[in-house]
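Colleague: fold the following.
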Amino acid sequence: MSREPGTIGLDARSREKLDELHVRGAVNLPFPDIAIESLKAAMPQKNARIVIYCNNNFENAPGPFPAKIARASLNLSTYIALYSCGYRNIYELAPLIDIRASKLEFERR
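Modeller: Numbers count the residues shown, from 1 in each chain. Got it, this is the predicted structure:
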């Protein structure tokens with residue numbers, strides 16, 4: 001789903017971690033920066049399919065994706081924030097994708 005046209009990959013990590021490594025084409029909106037105006041700017045269409053990811057979605061890349069325990073993940077809070085602002089087509093990228101074996105394309109800034 002994350003590779004289908006029209007899907008927005010939402011990287012909820014810091015800009016610093018995004019610059020180290022991120023899914024190609026992802027929109028970066030760190031959780032602390034999620035607000036009405038920043039959401040409008042980053043994802044103006046509320047019906048767009050959004051796939052959220054952060055540190056907990058990847059393994060074997062501890063620099064850009066440091067491991068956290070599941071209940072410390074930002075994805076649930078990010079989901080709630082998006083849903084509260086009217087976004088309804090929201091998903092989370094699968095957990096613990098091995099970055100070395102993933103079919104996703106990654107890039108650095």
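
Colleague: send the alpha carbons of the top helix by length along the chain over as CSV?
Modeller: Scanning the chain for the helix with the most residues, using DSSP state H, yields helix 75-84. Listed next in CSV are the C-alpha coordinates belonging to helix 75-84 (Å, rounded to 0.1, in the frame of the first residue of the first chain):
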residue,chain,number,x,y,z
ASN,A,75,2.4,6.3,15.9
LEU,A,76,-0.6,6.0,18.1
SER,A,77,-0.4,9.7,19.1
THR,A,78,0.2,10.7,15.5
TYR,A,79,-2.8,8.7,14.4
ILE,A,80,-5.0,10.3,17.1
ALA,A,81,-3.8,13.8,16.1
LEU,A,82,-4.5,13.2,12.4
TYR,A,83,-7.9,11.6,13.1
SER,A,84,-8.9,14.5,15.4
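
Colleague: which residue packs closest to residue 57, ignoring adjacent ones?
Modeller: residue 93 (4.6 Å; C-beta to C-beta, 6 or more residues apart in numbering). (Glycine included, C-beta is placed from N, CA and C.)

Colleague: pull out the buried residues from the longest helix of the chain.
Modeller: Of the residues in helix 75-84, those buried under the neighbour-count criterion (16 or more other C-beta atoms under 10 Å) are 75, 78, 79, 81, 82.

Colleague: quick one, what contacts the residue nearest to the second one when sequence neighbours are not counted?
Modeller: In space, not counting the residues next to it along the chain, residue 78 is nearest to residue 12; the distance is 4.7 Å by C-beta to C-beta, 6+ apart. Contacts for residue 12 (C-beta atoms under 8 Å, 6 or more residues apart in numbering) come out as 29, 30, 31, 34, 52, 53, 54, 74, 75, 78.

Colleague: try it again with 10 Å
Modeller: Contact analysis of residue 12 by C-beta atoms under 10 Å, 6 or more residues apart in numbering lists 18, 26-34, 52-55, 57, 73-75, 77-79, 81-82.
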